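Trainee: could you look at this predicted model? Sequence included:
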Amino acid sequence: MSDEQHDTIDALSSENRTFAPSDDFKATSLVVDTSLYDEANTNDEAFWARQATELVDWEQEFDTVLDWQLPDAKWFEGGTLNVSYNCLDRHVAAGRGDKVAFHWEGEPGDKRTITYQALLDEVSQFANVLKGLGVKKGDRVNIYLPMIPEAAVAMLACARIGAPHSVVFGGFSSQSLSDRINDAEAKVLITADGGYRRGEVFPLKPAADEACESTPSIEHVVVVRRGGNDVTMVDGRDVWYHELMEGASTDCPAEPMEAEHLLFLLYTSGTTGKPKGIMHTTGGYLTHVTYTHKYVFDLQPETDVFWCTADVGWITGHSYIVYGPLSNGCTQVMYEGVPNYPANDRFWEIVEEYGVTIFYTAPTAIRTFMKWGADEPAKHDLSSLRLIGTVGEPINPEAWMWYHEHIGGGRCPIVDTWWQTETGGIMISPLPGATTTKPGSATFPLPGVSTELVDDDANVVPVGGGYLTLTRPWPGMLRGIWGDPERYQETYWSRFPDRYFAGDGAKLDDDGYLWLLGRVDDVMNVSGHRISTTEVESALVSHPSVAEAAVVGANDPTTGQAVFAYVILRGGADTDEATLRAHVAEEIGAIARPKRVFITPDLPKTRSGKIMRRLLRDVAEGRNIGDTTTLADASIVDELQAKAAESTAD
Ligand code: 7RM
C-alpha cells in the first residue's frame, strides 16, 4: 500500500439540524412510509414496470421490462405509446379539457390561460403544420424560442408525429445554434422574432438567420411573433407561425411510437469540447418523469398549482414543465422573464397571484434572493405554498435555511433533487411525506434508483467521501450521445466497471444521508487533502454577511493548491477578508482556510446558473481566460481579473 494513500474526498463539515415531515403534511401525502422503497428494493424491474403500467397509457402493452447490455438499455420493448397523447388527449378524454394546463405570464405582464383542451387543439394544429412542411417520423426539428407557450406546443407537436426535437436555449448564440442544428441535421427550425428579458425585447430571428447561413439541412424556419421587432423573412424558407396555424386542422390523431423511439436530443456543453447530443427515448423517459413528478412533488393533481422556474431550453424545463407535469395533468405557471423585472419581488407576486402550491427553483436563484433580502418575499402572501424544491447545484445549508424560513414559511418540506441532463429525471431526493431532511443533503436515492460511492480503485465507500455512481439502469437514462457511441461508453461507463459515473463527488454521513460535493474536476488538493468546493463554499455562506461563494484550488508552491474564494455579500452587509478566512477555519478546519478571499458583486455562471469554477481558476492562476462561450455574462471575468491584478497574495 502506498504511503500516498488519501481519502477520495475529505468530509469536513457536519450538519445536525433535521426536519421531519409535519403531521399536517403527512395527512394528505402520497407516501408516508418506506413501502415504495421496500417494493423497489425487492425487485426494481417489477417496480418500474408497475409505474409504467399505472402512470402511462400504452397503445400496445410492453412485453419486456428491460434489456440491459451495458451500456445499452432498452426499456419496455414491444410497447407502443404516444407522449403527446399521454400529456393531452387522455386528460381531455377523461373530462378534464377545461382544466388549466398553463397560467402563462409574459414579462411585460400580459397573460394567457391555456386549458388542456386548448393545448390539445393547438398542438394538433401545429403537428399538422409540421407535416405540411414535410416533417416525418424520425426527422429532427430544432426549437429556439423564448419562454412562451409555443415552446411547449412545438415540443408536443414533434412528439405527436414522432419527430425528435432539439431545443436550444434562447440565450445561446447563433454559433451554438448552428453547431447543434448541424450535428442533429435538423430539417425545420422553430424560432420567434424575439422575446422579453429585463424589460426589453431580445431579438432571436437575426441569430437564427445567421445560424442558418451554415445549416444546409434546414428547409424551413417557422417564426412565432412575440417581440414585435422587425425581422426579415426569407422567401420560400421562412413562414409565420400564426399564418400557418390559421388554416390548420385541429384533427391530428397521435401516432403510437415504439417505446425506444427517439423523443428528443438535448445538447450539453459539459466543461470543454464539442457539445454532446444527449438522447432520450419515449416509454422509459415518460415513465421516469411522470413517476418522479408525482412522488417527489407529492402531487395532488386536483388542487396543486406547480411552478418550475427553469427555461424549457434545459432538461429541467423538458422534464418538469413539459413532460412530467402535463403527463400528470396538473396546472402550472409558466413565466417568460427574469425574477427582477420590474422589481425584485416579481416571483413572489406571481406565487401570490396564481396561488402556487409547489415551487421548484435553483440554488443560484435562492442565493440571489438572499442577496436581495427577506423583505422582498415578505411583501407577498406566500401561504399557498406547501412544498418547495431545488435543483442544479448543491444547496448550501444556510441557503436551505433561508429558503425554508422566508419562502417556505417554516412549514413547507424542501425537496433537494439531484439529477442530470443524462439521467432524464430526478434520481436522488427526499420523498416529502416520508423523509426527514437535513439542510444541504439530497438525502437518498429514490425508490427504483441505486447509488453507491466508490474510491479511486472502485472500492465501495460506505461512509465518507467518494465518487457518485449509479449501479443499475433506470428508465429515464440517456440512450447515448447522438452520432458518437464511443464517447457515450467512454464518458459514462468506463471509469468504473459496471457503473455509471456521474462526474460528481458526494459523501455519506453516519445516518446514510447523501451530500453532493460538486463536480470531481473541481475538487481541490491542499497538502494532500482532497477538499470539496461545496463544503468550503457552504462554510462561507454560513457567515451572516455572505449570500454566495465560489471556491477554487489554484496552484501553490508550498501546498500544491491553495483555496481561493470569491464571495458575494448579502444586501447591506459588510465584512472583510480576514474575518471570512477565520470563519472558514473555525467552521470546517484550518486546512480549508482560504488563502485569499475576494469580495465581488457577481460570479461567472453558465446560462443555466451554475458557477463556472474553471474560469475562476484561470483568474486565480493569472491565466488569460479561454473559452467563455457558455458564460452568461462575460464582463464579470474582466472585473475579477482586474481585482486579481491589483492585489498581491500574502
Ligand atoms: C438537472 C440539472 C447536472 C449537474 C450534476 C450536479 C449538479 C444538479 C443537484 C446538483 C447538487 C443537486 N442537469 N446538480 N442537481 N448538485 N445537488 N440537487 O441540473 O445536466 O444541467 O447538470 O448539476 O453536478 O451532475 S444538468
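Mentor: Structure received.

Trainee: which residues touch the closest residue to the ligand within the stretch 151-300 of the chain?
Mentor: Residue nearest to the ligand within the stretch 151-300 of the chain: Thr268 (5.6 Å; CB to the nearest ligand atom). Using the backbone N, CA and C atoms, a C-beta is placed for each residue, glycine as well. By CB atoms under 8 Å, 6 or more residues apart in numbering, the contact list for Thr268 reads Pro275, Lys276, Ile278, Thr421, Glu422.

Trainee: and these, which is closest to Gln60?
Mentor: Nearest to Gln60 among the contacts of Thr268, counting by CB to CB, is Ile278 at 26.8 Å.

Trainee: surely that closest one touches Tyr267?
Mentor: Yes: using CB atoms under 8 Å, Ile278 is in contact with Tyr267, at 7.1 Å.

Trainee: who's Tyr335 bridged to?
Mentor: Note on Tyr335: beta-bridge partners by DSSP bridges are Glu105.

Trainee: how many other residues sit next to it?
Mentor: Residues within reach of Tyr335, counting by other CB atoms under 10 Å, total 19.

Trainee: please apply the same query to the one 3 residues further on.
Mentor: Each residue near Val338 was counted by other CB under 10 Å, and the total is 13.

Trainee: ok but it is inside a helix, no?
Mentor: No: going by DSSP: H, G, I helix; E, B strand; the rest coil, the assignment for Val338 is coil, not a helix.

Trainee: quick check: it touching Glu200?
Mentor: No: with contact defined as CB under 8 Å, Val338 does not count as touching Glu200 (10.6 Å).

Trainee: elements contacting whichever helix in the chain runs longest?
Mentor: Ranked by residue count, the top helix of the chain under DSSP state H comes out as helix 116-132. Judged by 3 or more CB pairs under 8 Å, 6 or more residues apart in numbering; DSSP states H and E, helix 116-132 is in contact with strand 100-105, helix 149-161, helix 241-246.

Trainee: please work out which of the ones you listed is packed deepest.
Mentor: helix 149-161 (a mean of 27; mean count of other CB atoms under 10 Å).

Trainee: please identify the next secondary structure element, helix or strand, after that one.
Mentor: strand 165-167 (DSSP states H and E).

Trainee: show me the contacts for the closest residue to Gly134 other than its chain neighbours.
Mentor: Excluding the flanking residues, the one nearest Gly134 by CB to CB, 6 or more residues apart in numbering is Glu219, at 6.7 Å. Residues in contact with Glu219 (CB under 8 Å, 6+ apart) are Leu133, Gly134, Lys187, Val188, Arg237.

Trainee: secondary structure, distance to Gln641 and neighbour count for these - can I get that in CSV?
Mentor: Formatted as CSV, the contacts of Glu219 follow (DSSP: H, G, I helix; E, B strand; the rest coil; distance: CB to CB, whole Å; neighbours: other CB atoms under 10 Å):
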residue, secondary structure, distance to Gln641, neighbour count
Leu133, coil, 47, 17
Gly134, coil, 50, 11
Lys187, coil, 43, 20
Val188, strand, 42, 25
Arg237, coil, 43, 13
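
Trainee: got the phi and psi for the residue of the stretch 151-300 of the chain closest to the ligand?
Mentor: phi -120, psi 140 (degrees, to the nearest 10).

Trainee: check it and give its pLDDT.
Mentor: If you check Thr268, the pLDDT there is 94.

Trainee: can you pull up the bridge partners for the closest residue to Gly553 other than its chain neighbours?
Mentor: Using CB to CB, 6+ apart and skipping residues adjacent in sequence, the residue nearest Gly553 is Met524, 3.0 Å away. Judged by DSSP bridges, the bridge partners of Met524 are Ile531.

Trainee: tell me, how many residues neighbour Tyr37?
Mentor: Tyr37 - counted by other CB under 10 Å - has 19 other residues nearby.

Trainee: and this protein, which residues reach the ligand?
Mentor: Taking CB under 6 Å from any ligand atom as the contact definition, the chain meets the ligand at 268, 315-316, 391-394, 416-421, 442, 502-504, 516, 519, 608.

Trainee: so who does Gly465 touch?
Mentor: Asp7, Thr8, Ile9, Asp10, Ala11, Leu453, Gly505, Ala506, Lys507, Leu517, Arg530, Ser532.

Trainee: adding pLDDT, write those residues out as CSV.
Mentor: Shown next, in CSV, are the contacts of Gly465 (pLDDT from 0 to 100):
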residue, pLDDT
Asp7, 81
Thr8, 87
Ile9, 90
Asp10, 90
Ala11, 87
Leu453, 98
Gly505, 97
Ala506, 97
Lys507, 97
Leu517, 96
Arg530, 95
Ser532, 94
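
Trainee: from these, which land in strands?
Mentor: Counting by DSSP state E, those place Leu453, Gly505, Ala506, Lys507, Leu517, Arg530 in strands.

Trainee: that older thread, report how many residues lie close to the spatially closest residue to the residue of the stretch 151-300 of the chain closest to the ligand that is not a sequence neighbour.
Mentor: The shortest distance from Thr268 to any non-neighbouring residue, by CB to CB, 6+ apart, is to Thr421 (4.7 Å). Per other CB under 10 Å, the neighbour tally for Thr421 reads 19.

Trainee: now do Gly236
Mentor: Neighbours of Gly236 under the rule other CB under 10 Å: 8.
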